[in-house]
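Here is a sequence together with a model predicted from it:
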Amino acid sequence: MRFRTILAGTAFALAAAAPATAADAVKIGFITKFPVPFFATMENAAKEYAAANPGIELVFGQGASATDIEGQIAQIESMVTQGVQGIAITPVDPTVAATLDKAVAAGVKVVLMDNNIPGWENRTALATTDNYNAGKIAGEYLKTVLKDGDSLGILEGVPGVPSLDDRVKGMLDGLAGVDVKIVGRGATDCTEEKGISVAEDILTANPDLKSIYAACGPPAAGAAQALKNANLAGKVTLVGFDFCCGEAEALQAGIENASVAQFPAKMASLGVEALVKAIKGEKVESLIDSGAALVTKENMAQFQ
């Protein structure tokens, strides 16, 4: 659901959240980036956490795409006017920090999930995958199957989004020690359509391509489709990230070799738990790591 109400600064500031005691019910805004299974899993986990812990009221919002900055800003503003005492959010872009600052000034606690806002000091906590270390998992896998001189194409997510950039940096650092040639890379906005397009461009320019790394799940599925269309299924090593959005099918078919799974349900429940504690005045760790793991066809049943 998207909220389009843009509020005047004065009215926004007046919607201060009331402090909660340990016995009070709490009202929380839960905002995710855009409609894909990963964020649906987060929403469901938040609902399950609230159902298991009476006294938590959740208000949900979601952007239209991975670049819907305006929509997320409107959601933050609307939730503050609805009287939420805390916001758990997967920030779509660092530029939403200014609006979150207004929420904090109005007395709202903020827990970031999935990715950080670098240099932003007003968060209560960050519940996330360590995306750099998770990216290293992918790179270390590629290191076992590639050799010096092999070529690699990279399907980036949204350049400038720290968590997505970290997945690429971590992968490259995990691959260190093998002299692999990066022959192409391009932004996909974490969409399957752009994953297909960027993968096709790289394959066309490099018919002897040895490997592709995709920093998000939908582009990984897109790359799998591009490989299938080019009759290269099983001939190019494909490693994805997220283990979602068609990756299970690509792994089962032998087109995708591996993916890095996050634990979105755990991320969401840890984020809501931290927010409730903070609202009630309890101590909260500033960084909460929800973990990551390598998924292959052989072990994928454990992650479904």
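Happy to help now that I have it.

Show me where the stretch 1-150 of the chain dips below the pLDDT cut-off.
Counting by pLDDT under 70, the ranges of the stretch 1-150 of the chain that qualify are 1-23.

Can you show me the helices along the stretch 101-250 of the chain?
131-145, 162-174, 192-205, 217-229, 247-252 (DSSP state H, counting those that start in this stretch).

Identify the residue spatially nearest to Glu285, adjacent ones excluded.
The shortest distance from Glu285 to any residue other than its chain neighbours is 6.4 Å, reached at Ala125 (Cβ to Cβ, 6 or more residues apart in numbering). No exception for glycine: its C-beta is placed from N, CA and C like everyone else's.

Spit out the contact partners of the one you found.
Val111, Leu112, Gly271, Ala274, Leu275, Ala278, Val284, Glu285, Ser286, Leu287, Ile288 (Cβ atoms under 8 Å, 6 or more residues apart in numbering).

separation between it and Gly170?
For Ala125, the distance to Gly170 (Cβ to Cβ, to the nearest Å) stands at 22 Å.

Any buried residues in stretch 248-259, and which?
Ala248, Ala250, Leu251, Ile255, Glu256, Asn257, Ala258, Ser259 (16 or more other Cβ atoms under 10 Å).

those strands in the stretch 201-304 of the chain, which residues are they?
211-214, 237-241, 258-262, 287-289, 292-295 (DSSP state E, counting those that start in this stretch).

could you say what helices and strands the third one packs with?
This points to strand 258-262. helix 131-145, strand 237-241, helix 247-252, strand 292-295 (3 or more Cβ pairs under 8 Å, 6 or more residues apart in numbering; DSSP states H and E).

Find the one among the ones you listed with the highest mean neighbour count.
strand 237-241 (a mean of 28; mean count of other Cβ atoms under 10 Å).

Let me know the angle separating that strand from helix 131-145.
170 degrees (axes from the mean of the first three to the mean of the last three Cα atoms, to 10 degrees).

residues in contact with the most centrally placed residue in the chain?
Central residue check for the chain by Cα atoms, centre = their mean: the C-alpha nearest the mean position is that of Asp114, 4.7 Å away. Under the criterion of Cβ under 8 Å, 6+ apart, the contact list for Asp114 reads Lys33, Met42, Thr90, Thr128, Thr129, Ser163, Pro264, Met267.
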